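Trainee: Dropping a prediction and its sequence here:
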Amino acid sequence: GAVVSQHPSRVICKSGTSVKIECRSLDFQATTMFWYRQFPKQSLMLMATSNEGSKATYEQGVEKDKFLINHASLTLSTLTVTSAHPEDSSFYICSGARNGETQYFGPGTRLLVL
Amino acid sequence: RKEVEQDPGPFNVPEGATVAFNCTYSNSASQSFFWYRQDCRKEPKLLMSVYSSGNEDGRFTAQLNRASQYISLLIRDSKLSDSATYLCVAFSNSGYALNFGKGTSLLVTP
């Protein structure tokens, strides 16, 4: 199956700082990448969808200026949480899909903002 | 109302038991459906797709009822390793977005 990696796997940062999370498709080209967020005991919530070379499409209620997404290549997308606050602490998961096929998930990044 | 609804459980069953999970979806335009499995503090992994004709993969059987907008997952001969959260997912082709249910927690005990 297709493999997606995320880095870092966990990060702790101070309130007000920015954190960048990388998502890479290792053995396939992901024309579309998705970023999800999961709070404890909640379902995964889609934050944004990005197609390579295009601006990301954000879901309602997700601030695009706070969660910056870059999908510069077919194998890499980044999510930057700017000016992170404690309420941004969550499990961030990316997934990659090739031409509308099945999404393959990365292992997730646990963010804790102090 | 959430697009995909599941009973959160937990379902506690003994090894060898048969257990069934149900899920309903509200968007009649949903095209495809899946069951994902998520272990504690891990990413979800695709368990199986759900087809209109129903499909079976070993001990797992998935069914779709479009008229009732209802999906089910049946696990036979439960193993301890089946303990996980099972996520029901609806896929709308219009946006490639996966709509996840909150998940149903299963604990298989010796």
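Mentor: Perfect, I can see it now.

Trainee: Which residue would you name as the spatial centre of chain A?
Mentor: residue A:35 (3.7 Å; C-alpha atoms, centre = their mean).

Trainee: for chain A, what spans make up the strands?
Mentor: Counting by DSSP state E, residue ranges of the strands within chain A are A:4-7, A:10-13, A:19-25, A:32-38, A:45-51, A:57-58, A:67-73, A:76-81, A:90-97, A:104-105, A:109-113.

Trainee: quick one: low-confidence parts of the chain?
Mentor: I'll assume chain A. For chain A, the stretches flagged by pLDDT under 70 are A:1, A:100-101.

Trainee: switch to chain B, that's the one I care about
Mentor: Using pLDDT under 70, chain B drops low at B:1, B:93-97.

Trainee: again, 90 this time
Mentor: B:1-3, B:7-9, B:26-32, B:40-46, B:49, B:51-54, B:90-100, B:102 (pLDDT under 90).

Trainee: ok, back up a step: quick one: which of the strands of chain A is nearest chain B?
Mentor: When the strands of chain A are compared by C-beta to the nearest C-beta, strand A:104-105 sits nearest chain B, at 4.3 Å. In short, each C-beta sits where N, CA and C put it, glycine included.

Trainee: what helices or strands is that closest one leaning on?
Mentor: strand A:90-97, strand B:44-50 (3 or more C-beta pairs under 8 Å, 6 or more residues apart in numbering or on different chains; DSSP states H and E).

Trainee: gap between the nearest residue to residue A:35 once chain neighbours are set aside and residue B:52?
Mentor: Nearest-residue entry for residue A:35: residue A:47, 4.6 Å, with adjacent residues in sequence omitted and distances by C-beta to C-beta, 6 or more residues apart in numbering or on different chains. From residue A:47 over to residue B:52 the distance is 31 Å, taken as C-beta to C-beta, to the nearest Å.

Trainee: Same drill for the two, tell me which one is more crowded.
Mentor: residue A:47 (23 against 10; other C-beta atoms under 10 Å in any protein chain shown).

Trainee: pretty sure the more buried one contacts residue A:62?
Mentor: Yes: at 4.9 Å, residue A:47 and residue A:62 qualify as touching, with contact defined as C-beta atoms under 8 Å.

Trainee: Spatially nearest residue to residue A:25, not counting backbone neighbours?
Mentor: Residue A:25 sits nearest to residue A:96 (C-beta to C-beta, 6+ apart), 4.2 Å away.

Trainee: Same check on residue A:45?
Mentor: That would be residue A:37: by C-beta to C-beta, 6+ apart, it lies 5.4 Å from residue A:45.

Trainee: ok, how many other residues are close to the one you found?
Mentor: Around residue A:37 there are 22 residues (other C-beta under 10 Å).

Trainee: Now for it: which residues touch it?
Mentor: Listed by C-beta atoms under 8 Å, 6 or more residues apart in numbering or on different chains, the contact partners of residue A:37 are A:44-45, A:47, A:90-93.
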